[in-house]
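Asks: Below is the sequence, then the predicted model.
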Protein chains: 2
Amino acid sequence: MTKRDDATITLKDVAEAAGVSGITVSRVLRASGPISEATRKRVLEAVKTTGYVHNRLAGVLASARSNLVGVILPSLSNGVFPEVMAGINEALAQSGFQPVVGVTDYDLMKEETVVRSMLSWKPAAIILTGLQHSRNTRRMLEDTPIRVIEIMDAGGRPIDVAIGLSHRDAGSATAQHLIEKGYRRFGYIGPDLERDLRAHDRHEGFRHYLTRHGIAAPVEYLSRETSSISGGKEGLAELLRMKPDLDVVVFSSDDMAIGGVYHCIATGIQLKTQLGIFGFNGLDTGQSLPQPLSTIRSNRHRIGQIAVETFINDVTRPLTSKVIDTGFSIIHGETA
Amino acid sequence: MTKRDDATITLKDVAEAAGVSGITVSRVLRASGPISEATRKRVLEAVKTTGYVHNRLAGVLASARSNLVGVILPSLSNGVFPEVMAGINEALAQSGFQPVVGVTDYDLMKEETVVRSMLSWKPAAIILTGLQHSRNTRRMLEDTPIRVIEIMDAGGRPIDVAIGLSHRDAGSATAQHLIEKGYRRFGYIGPDLERDLRAHDRHEGFRHYLTRHGIAAPVEYLSRETSSISGGKEGLAELLRMKPDLDVVVFSSDDMAIGGVYHCIATGIQLKTQLGIFGFNGLDTGQSLPQPLSTIRSNRHRIGQIAVETFINDVTRPLTSKVIDTGFSIIHGETA
DNA sequence: CGAAATAATGACAGCGCAAACATTTTTCTT
DNA sequence: AAGAAAAATGTTTGCGCTGTCATTATTTCG
């Protein structure tokens, strides 16, 4: 049973050095239970001289309580998710919880694997993206007693809590806003809609609104890859080759929209007047453009904040699930 | 001793359901040791019906072997680090290892806290950024038997392995390259050099090369915040106000350089001919600009790859430390 | 000053799993 | 078919820590 590596320093070693029992050391380190100031000092001293490093594995196993938070994201190359992650990190900073990140590449099967692996670490909570999961993923998450927080989408039935926005609504709001601005000939550029399900919802809301209001359905270019600046750039070039007389193009995300802006700058197309560009997310990078991007802000920061507060305030899963709609707002910008 | 939660399904439960011993189940799940096809099937069946989720905590504790890899990064808002993370993720994907991310905000004290907390999870390896650490951090990392991989910098003495480039050399190469291009009146824009130590090294190499070759020292603008697009944009505006006749500006990173490019686009400054812009990192986002950014590629992808290979190939720390210089290359681009 | 209350510490078991070794079953060899 | 080798499975023990329930010092107060 494990060659006992005599080099590893355990609680017991510290206890001996301090002349107390193991449990006392444990209590000092966790600041739990009453400890006299004298022994406290002695123990901390002993910790320092021995160079002891706490083994949380054993602690979690013994106490069935962990400070890990599983965070499962579809991608890190789409600019949103580093921002989401930063938001979560910030909210987590003071809490003593530690995030473990998993990436799914927008693949629900991969997500299943990642969730299973996450659960095996007995995290205090799991934060994952979207409301659509494989049957097994759902089952695992329903069966676990920990908090499960689905972020970025509020358009469906959550396992425990969902925090986000209705992407369908964001899609129709986009259409409504641009129609009001006077645009009529719509284009749409997005990634593979089969994979990015939230982009899919926005697209539907957008498309329906247009057709319901007597506007021609958008001309579309769907790239096979995931969202990226270069994808948006190429997409717009291609779309304008197919259909040069568009007056506005909606992109599934800010990343792609930025690519669209670059194409316009490179080819001398006048943004807004000659061609409108509209994104989604409200990333900082889009707002730093020479002309700030017209887009929709998804309140990611707030989403991260609420996600973390949710499980800090109540570590046990409530009986009924709940949707928290953090809404969205239109950033008027200079590109549409 | 922990109120035994009878709801949690353990190996034993699966074993009973399958009519075998616990260790057999363990072996099936880890694919270790010889198992007959028949029992294998039965066990997997039992796992499914019971809905068993492996508890790695216990496994790691028992075997003293974990599949966690601690990844400690200074920031997620600087575009490099999501890319580094993506590289590591990619390299890790097939390996069965799982990253745990920690963020230090370029703060060595925070780094110390994060390292301590990481070590408490008994990771198989730790990947962290740079070669400068607090005394305590160094001690902890020297004392641990696991691999410690310091990435992004090859200009110093590593604890175990360092993989990266010499930032000093990159700085002088920048200067040399731009002098050869005919630029003479240099500006420099960077973040707080006290915090970003690698930016500091590049800056030194850059500055020394200039003065050693009879060129006037660069006019400098140092922002107090960390690297960002908007910081670069504002920085360049400010710098040109102070000193309008510069012919090239070197930025500490691509992020900031992109901001510089935006400023030029917004104010109609001709890139390259009227004002050169030069970055560092070679981010995809810089290369997707209307005119690709002139910069230095830091081979981040390769760094991530090698970092992961290093500890996969040899899980125990070798006696002597090693520096792997992945070098850098100039991306000629269209902005300088 | 002594009983009761409180503060401080300790003994021990067990969290769930895997290593080491032990045992049983099957297969192969001649 | 008997013995040797290999394959398959089981038993026991302990990884390092913390919860529970003592036990022992110290304080309080009538």
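Replies: Thanks, I have the structure now.
Asks: Those residues of the stretch 51-200 of chain A touching DNA strand D, which are they?
Replies: A:His54, A:Asn55, A:Ala58, A:Gly59, A:Leu61, A:Ala62, A:Ser63, A:Arg65 (CB under 7 Å from any atom of the strand). C-beta: built from backbone N, CA, C; applies to glycine.
Asks: Now that we have those, which of them are buried?
Replies: Restricting these to buried positions leaves A:His54, A:Asn55, A:Ala58, A:Gly59, A:Leu61, with burial counted as 16 or more other CB atoms under 10 Å in any protein chain shown.
Asks: Make TSV out of the residues you listed and add distance to chain B and secondary structure.
Replies: Compiled in TSV, these are given as follows (distance: CB to the nearest CB, whole Å; DSSP: H, G, I helix; E, B strand; the rest coil):
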residue	distance to chain B	secondary structure
A:His54	5	coil
A:Asn55	6	coil
A:Ala58	6	helix
A:Gly59	8	helix
A:Leu61	5	helix
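Asks: Pick out whichever of those sits closest to A:Ala86.
Replies: A:His54 (27.2 Å; CB to CB).
Asks: pull the longest helix from chain A.
Replies: In chain A, assigned by DSSP state H, the helix with the most residues is helix A:197-212.
Asks: May I see the buried residues of it?
Replies: Here helix A:197-212 shows A:Leu197, A:Arg198, A:Ala199, A:His200, A:Asp201, A:Arg202, A:His203, A:Gly205, A:Phe206, A:Arg207, A:Tyr209, A:Leu210 as buried, counting by 16+ other CB under 10 Å.
Asks: The closest residue to DNA strand C within the stretch 1-150 of chain A: neighbour count?
Replies: Of all residues in the stretch 1-150 of chain A, A:Pro34 sits closest to DNA strand C, at 2.9 Å by CB to the nearest atom of the strand. Counted with other CB atoms under 10 Å in any protein chain shown, the neighbours of A:Pro34 add up to 5.
Asks: Report the separation between it and A:Thr24.
Replies: Separation of A:Pro34 from A:Thr24 (CB to CB, to the nearest Å): 11 Å.
Asks: Same check on A:Gln291?
Replies: Separation of A:Gln291 from A:Thr24 (CB to CB): 64 Å.
Asks: neighbour-wise, which of the two wins?
Replies: Per other CB under 10 Å, whichever of A:Gln291 and A:Thr24 has more neighbours is A:Thr24, with 21 against 17.
Asks: helices and strands around the strand or helix carrying the more buried one, which ones?
Replies: For A:Thr24, the host element (DSSP states H and E) is helix A:22-30. Counting contacts by 3 or more CB pairs under 8 Å, 6 or more residues apart in numbering or on different chains; DSSP states H and E, helix A:22-30 is packed against helix A:11-18, helix A:37-50.
Asks: Just the CA trace of the shortest one, in PDB.
Replies: Once non-C-alpha atoms are left out, helix A:11-18 reads as follows in PDB (Å, rounded to 0.1, in the frame of the first residue of the first chain):
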ATOM      1  CA  LEU A  11       0.600  16.400  10.200                       C
ATOM      2  CA  LYS A  12       2.100  13.900  12.500                       C
ATOM      3  CA  ASP A  13       5.600  15.200  11.900                       C
ATOM      4  CA  VAL A  14       4.500  18.700  12.700                       C
ATOM      5  CA  ALA A  15       2.700  17.400  15.800                       C
ATOM      6  CA  GLU A  16       5.800  15.800  17.100                       C
ATOM      7  CA  ALA A  17       7.900  18.800  16.400                       C
ATOM      8  CA  ALA A  18       5.400  20.900  18.300                       C
END
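Asks: Off-centre distance for it?
Replies: Here helix A:11-18 is found 43 Å from its chain centre; the criterion is CA atoms, centre = their mean, to the nearest Å.
Asks: Can you list the buried residues in it?
Replies: For helix A:11-18, the neighbour count (16+ other CB under 10 Å) marks A:Leu11, A:Asp13, A:Val14, A:Ala15, A:Ala17, A:Ala18 as buried.
Asks: Mind checking the pLDDT average for that helix?
Replies: Helix A:11-18 carries an average pLDDT of 93.
Asks: ok, now stretch A:89-107?
Replies: Regarding stretch A:89-107, the rounded mean pLDDT is 86.
Asks: likewise stretch A:149-168?
Replies: Mean predicted lDDT for stretch A:149-168 stands at 95.
Asks: Other residues contacting that stretch?
Replies: A:84, A:125-132, A:138, A:141-142, A:147-148, A:169, A:198-199, A:201-202, A:204-205, A:298-300, A:303-304, A:306-307, A:310-311, A:317-318, A:321-328 (CB atoms under 8 Å, 6 or more residues apart in numbering or on different chains).
Asks: Keep only those of the residues you listed that are in strands.
Replies: Counted as lying in strands by DSSP state E, out of the contacts of stretch A:149-168, are A:Ala125, A:Ile126, A:Ile127, A:Leu128, A:Thr129, A:Arg147, A:Val148, A:Lys322, A:Val323, A:Ile324, A:Asp325.
Asks: Buried only: go through those residues for me.
Replies: Among these, those buried by neighbour count (16+ other CB under 10 Å) are A:Ala125, A:Ile126, A:Ile127, A:Leu128, A:Thr129, A:Arg147, A:Val148, A:Val323, A:Ile324.
Asks: ok, so of these, who is nearest B:Gly214?
Replies: Nearest to B:Gly214 out of these is A:Thr129 (CB to CB; 55.6 Å).
Asks: for the stretch 101-250 of chain A, what spans make up the strands?
Replies: A:125-129, A:147-151, A:161-164, A:186-190, A:219-222, A:248-251 (DSSP state E, counting those that start in this stretch).
Asks: winner for burial among those strands?
Replies: With neighbours taken as mean count of other CB atoms under 10 Å in any protein chain shown, the strands of the stretch 101-250 of chain A reach their highest mean count in strand A:248-251, at a mean of 30.
Asks: Which residue, other than its chain neighbours, is closest to the residue nearest in space to the middle of chain A?
Replies: The structure's chain A has its C-alpha centroid closest to A:Val84; by CA atoms, centre = their mean the separation is 4.5 Å. Distances taken as CB to CB, 6 or more residues apart in numbering or on different chains put A:Arg300 closest to A:Val84, at 5.2 Å, once the chain neighbours are dropped.
Asks: now swap in A:Val308 and tell me
Replies: Nearest residue to A:Val308, sequence neighbours excluded (CB to CB, 6+ apart): A:Ala91, at 3.7 Å.
Asks: next one: A:Ala58
Replies: B:Leu61 (5.6 Å).
Asks: who's in contact with the one you found?
Replies: With contact set as CB under 8 Å, 6+ apart, B:Leu61 has these partners: A:Asn55, A:Leu57, A:Ala58, A:Leu61.
Asks: still on that earlier bit, any chance of JSON lines for the residues of the stretch 51-200 of chain A next to DNA strand D, columns pLDDT?
Replies: Formatted as JSON lines, these follow (pLDDT from 0 to 100):
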{"residue": "A:His54", "pLDDT": "91"}
{"residue": "A:Asn55", "pLDDT": "93"}
{"residue": "A:Ala58", "pLDDT": "95"}
{"residue": "A:Gly59", "pLDDT": "94"}
{"residue": "A:Leu61", "pLDDT": "93"}
{"residue": "A:Ala62", "pLDDT": "93"}
{"residue": "A:Ser63", "pLDDT": "90"}
{"residue": "A:Arg65", "pLDDT": "84"}
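Asks: restrict those residues to contacts with DNA strand C.
Replies: A:Ala58, A:Leu61, A:Ala62.
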